[in-house]
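**Q** Okay, here's the prediction I keep looking at, along with the sequence it came from:
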Amino acid sequence: MDASVKTAPRKKSATLRRLLKFIISTYKVTFLLSMLAIIIAAASTVAGSLFLQRLIDDYIVPMTKQSVPNFGPLLQAIVVMGTIYLIGVIATFFFTRTMAVLGQRLQKKIRDEMFIHMEKLPISYFDQNDYGDVMSRFTNDVDTLMQMISQSIPQFLNSLFNLVFVVIGMLTLSPLLTLISFVVFGLSISVVKFLTGKSSSYFKQQQNKMGHVNGYGEEILNGLKVVKVFSHEPMVKAQFNLLNQDLKTVSGNANGFATMLFPIMGNVGNLLYVLIALIGGTFVVNGVSGLTLGAIAAFLQLSRSFSMPIAQISQQLNTIVLALAGAQRIFQLQDEVEEEDHGQVTITHDDQVKSQWLWHNTADGSTTPVRGKIVFEHVDFGYVPGKTILHDINIDAKPGMKIALVGQTGAGKTTISNMINRFYEISAGKLTFDGIDVRDINKSALRQAMAIVLQETNLFSGTVMENIRFGNPEATDNEIFHAAKLAHADQFIKDLENGFNTRIDGDGSDLSQGQKQLLSIARAMVSDTPLMILDEATSSIDTKTERLVQAGMDNLLAGRTSFVIAHRLSTIANADLILVIDHGRIIEQGNHEELIEKHGEYYQLYTGKKELD
Ligand SMILES: Nc1ncnc2c1ncn2[C@@H]1O[C@H](COP(=O)(O)OP(=O)(O)OP(=O)(O)O)[C@@H](O)[C@H]1O
């Protein structure tokens, strides 16, 4: 047997166990009370059916023999039966309501936990998993899981207990008729097993295909402009159609098999009903095995409730299997290892001197000022094992230095900056910040010590003011105005309809690329950090705006250590140190004049003899 087939059920039951543990640990009392109500509801249904026997044999039949029928005892019996059913109705109402509420609460809790966990995952996780797929765990998987908790599980358990009580009831009424019912049912079970097996495998595929459709949709929406410009709409449509068709096929199959179950089981129930009536009637007439009219009536009622729970159980099992596949994907995300962070050094603002930051070593209680010295010593790195991207990188960035990284596309410039902010961990060598190994610095402290301006500005939905304040939530309004002024962003902001209170979309689509860039510089400016990383910040703007952005950046970088990755070499001519990167190695370094004089790679790039990309 295929190994994956062998392990699948074990995985499923492990997921179910984990899920139940999670539910019980979170909402123990509500869950247990609901279970009790489910049992009471099932017991009352069967008790009601059994009471029918007494109603007929003890009250109605004797009355048919009385010349003046006495209705008193019959009315009393009907009240008892009504009370039993009423208890069942109340219990059903209780468990459906509480399980629905519990489902809603769990849904919120799971989504919150997933979101918090996702924020702690390393960037490399998102290199390997597309956003659409992660998003579908948030949406579809959580939805189906909640449907299972609030509907399928209670109905499944209700049907299961119903079945147990029905069988007990049937056995007490007539073991012989029960045996006949089992034989008829045994045959139909094999059909059901075949159908559920088929549909559950298609349901699992359906979930996967749904992830693909979402992933593709998300990717295309993100790149809609590119798709339109290249007139790729027909191709994209065809590809989407293909994925969607795949989804349609598997969900058609899954639901096709699932929907066959109900009619089949319903008709098995009808067949059983007729058989029992026939055989049971013959027994009563011939006085076989002491069966009474009431017992037959009660048995017929129970046999009706015998086939229904089995049909419901098998149908609910489908939803449960589907939801468990979703739960498995949710747990997979939850189990992803968070970014490692053993750093004991944190960062604080000096109370005395504004804009002075301090390193605070929680291990020995020592405090030292942040200066902004970054040193790479023989650093190697690869995104995937066995494929080294950076080779023996040595950089000595003294406090306040502007270091420029240049080189052809794919040379490894961004990768070097990814080491400093610890989006990825170096594979070999040493990387220090003010002499402290970056791994000893608490990650959020390390990132607090730096600001980043990227080509992709990533603004967030909110006002201009809120977007700048993103760089430092504690900044006063005046500090924000000042930052905007230094970034040369104040002029265009004032021209906006509501100035600093103008609302912008998440993607800043109402603003030009240069304006977005100026905002992200203002955002970095307000964070007032000792270290700055600028990655291709001016690559997509016109020369006039670039001058403005450049002036803003010069203000931003003054007095701070900075790493600037630029495609336009004119923007880094004033750098203290220019590092030329090629295939992950530093092949040249020096200032602009030195490198021009050298007539090497930089000279070639600067004079346009060699293209940057
Ligand atoms: N997340 C990743 N996973 C695997 N490989 C990656 C990843 N990011 C970058 N690379 C690879 O690492 C190498 C260096 O990429 P990097 O982005 O650092 O280049 P770059 O010099 O910044 O290029 P550009 O100027 O085009 O931005 C490239 O070969 C690239 O394919």
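**A** That came through, no problem.
**Q** residue contacts, Thr96?
**A** When contacts are counted by CB atoms under 8 Å, 6 or more residues apart in numbering, Thr96 is found next to Pro154. Just so you know, the C-beta spots here come from the backbone N, C-alpha and C atoms, and that holds for glycine as well.
**Q** Check Lys398 too.
**A** With contacts defined as CB under 8 Å, 6+ apart, Lys398 is in contact with Lys373, Thr561.
**Q** Phi, psi for it please.
**A** According to degrees, to the nearest 10, the main-chain angles of Lys398 amount to phi -80, psi 160.
**Q** what do you get for the one 4 residues further on?
**A** Recorded main-chain torsions at Lys402 are phi -100, psi 110, according to degrees, to the nearest 10.
**Q** Buried residues of the helix or strand containing His391, list them for me.
**A** If you go by DSSP states H and E, His391 is part of strand 390-397. Across strand 390-397, burial judged by 16 or more other CB atoms under 10 Å covers Leu390, His391, Ile393, Ile395, Ala397.
**Q** roughly how far apart are Asn253 and the ligand?
**A** 37 Å (CB to the nearest ligand atom, to the nearest Å).
**Q** Quick check: closest non-adjacent residue to that residue.
**A** Here the nearest residue to Asn253 in space, its sequence neighbours aside, is Tyr202; by CB to CB, 6 or more residues apart in numbering that works out to 4.3 Å.
**Q** So for the one you found, what's the pLDDT?
**A** Looking at Tyr202, its pLDDT reads 83.
**Q** That one in helix, strand or coil?
**A** Reducing the assignment to helix, strand or coil with DSSP: H, G, I helix; E, B strand; the rest coil, the entry for Tyr202 is helix.
**Q** The one 3 residues further on now?
**A** Per three-state DSSP, the secondary structure class of Gln205 is helix.
**Q** Val375 belongs to a strand?
**A** Yes - counting by three-state DSSP, Val375 is part of a strand.
**Q** isn't it right up against Gly429?
**A** No - shown here, Val375 and Gly429 do not form a contact pair, counting by CB atoms under 8 Å, at 10.3 Å.
**Q** Could I get the average pLDDT for the helix or strand harbouring Ala42?
**A** Counting by DSSP H and E, the secondary-structure element that holds Ala42 is helix 28-54. In this model, helix 28-54 has an average pLDDT of 88.
**Q** do stretch 482-501 as well
**A** The average pLDDT for stretch 482-501 rounds to 88.
**Q** Compute the first-to-last residue distance for that stretch.
**A** Between the opening and closing residues of stretch 482-501 we find a distance of 16 Å, counting by CA to CA, to the nearest Å.
**Q** rewinding a little: which strands and helices sit next to the strand holding His391?
**A** For strand 390-397, the elements it packs on are strand 374-381, helix 413-420, strand 585-590, judged by 3 or more CB pairs under 8 Å, 6 or more residues apart in numbering; DSSP states H and E.
**Q** Of all the ones you listed, which one is nearest Asp510?
**A** With distances scored as CB to CB, the stretch of these nearest to Asp510 is helix 413-420 (28.1 Å).
**Q** hmm, the closest one in reach of the ligand?
**A** Yes - part of helix 413-420 sits close enough to the ligand to count as contact by CB under 6 Å from any ligand atom, namely Lys413, Thr414, Thr415.
**Q** Quick one: those as TSV, columns for pLDDT too.
**A** Formatted as TSV, the entries for the residues of helix 413-420 next to the ligand read as follows, by pLDDT from 0 to 100:
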residue	pLDDT
Lys413	92
Thr414	91
Thr415	93
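**Q** Mind giving me the PyMOL command for buried ones among these?
**A** Per 16+ other CB under 10 Å, the buried members of those correspond to this PyMOL selection:
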select buried, resi 413+415
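**Q** okay, the residues of helix 413-420 next to the ligand in a markdown table with distance to Ile572 next?
**A** Shown next, in a markdown table, are the residues of helix 413-420 next to the ligand (distance: CB to CB, whole Å):
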| residue | distance to Ile572 |
| --- | --- |
| Lys413 | 11 |
| Thr414 | 15 |
| Thr415 | 18 |
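**Q** what's around Ser231, how many residues?
**A** 8 (other CB atoms under 10 Å).
**Q** picking up where we left off before, quick one, what contacts the residue nearest to Asn253?
**A** Under the criterion of CB under 8 Å, 6+ apart, the contact list for Tyr202 reads Val250, Ser251, Asn253, Ala254, Phe257.
**Q** Is it correct that the second one falls within a strand?
**A** No - using three-state DSSP, the assignment for Ser251 is helix, not a strand.
**Q** Do I have it right that it meets Gln207?
**A** No - at 9.6 Å, Ser251 and Gln207 do not qualify as touching, with contact defined as CB under 8 Å.
**Q** Of these two, which one has the most company?
**A** When neighbours are counted by other CB under 10 Å, Ser251 and Gln207 differ, and Gln207 comes out ahead with 23 against 17.
**Q** Would you verify that Leu358 is located in a helix?
**A** No - secondary structure assignment places Leu358 outside any helix; it is strand (three-state DSSP).
**Q** Just list the residues touching it, thanks.
**A** Ile347, Thr348, His349, Asp350, Thr367, Thr368, Pro369, Val370.
**Q** how near is His592 to the ligand?
**A** Following CB to the nearest ligand atom, the distance that separates His592 from the ligand is 19 Å.
**Q** Equivalent analysis for Pro62, please.
**A** Between Pro62 and the ligand the distance, using CB to the nearest ligand atom, works out to 85 Å.
**Q** From here on, call the first residue 328.
**A** All right, first residue 328 from here; so that's Pro389.
**Q** List the buried residues of the helix or strand harbouring that residue.
**A** Using DSSP H and E, Pro389 sits within helix 388-392. Of all the residues in helix 388-392, not one is buried under the rule 16+ other CB under 10 Å.
**Q** CA atoms only for that helix, dumped as CSV, please.
**A** Coordinates of the C-alpha atoms in helix 388-392 are reproduced here as CSV (Å, rounded to 0.1, in the frame of the first residue of the first chain):
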residue,chain,number,x,y,z
VAL,A,388,-56.0,-1.3,23.3
PRO,A,389,-57.7,-1.7,26.8
MET,A,390,-59.9,1.3,26.0
THR,A,391,-61.2,-0.4,22.8
LYS,A,392,-62.4,-3.2,25.1
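**Q** Distance from the chain centre to that helix, please.
**A** Here helix 388-392 is found 66 Å from its chain centre; the criterion is CA atoms, centre = their mean, to the nearest Å.
**Q** Can you name the residues in contact with it?
**A** Contact partners of helix 388-392, identified using CB under 8 Å, 6+ apart, comprise Pro396, Asn397, Phe398, Leu401, Leu620, Gly621.
**Q** quick check, nearest of those residues to Phe760?
**A** Each of the contacts of helix 388-392 was scored against Phe760 by CB to CB, and Gly621 proved nearest at 86.9 Å.
**Q** From the ligand, how far off is the closest one?
**A** In this structure, Gly621 and the ligand are 75 Å apart, going by CB to the nearest ligand atom.
**Q** Okay, and that residue sits in which element?
**A** If you go by DSSP H and E, Gly621 is part of helix 620-662.
**Q** counting contacts, what elements does that helix pack onto?
**A** So helix 620-662, by 3+ CB pairs under 8 Å, 6+ apart, packs with helix 330-353, helix 355-381, helix 399-446, helix 469-474, helix 480-500, helix 502-549, helix 560-613.
**Q** and it, average pLDDT?
**A** Helix 620-662 shows a mean pLDDT of 83 in the predicted model.
**Q** Perfect, that will be all.
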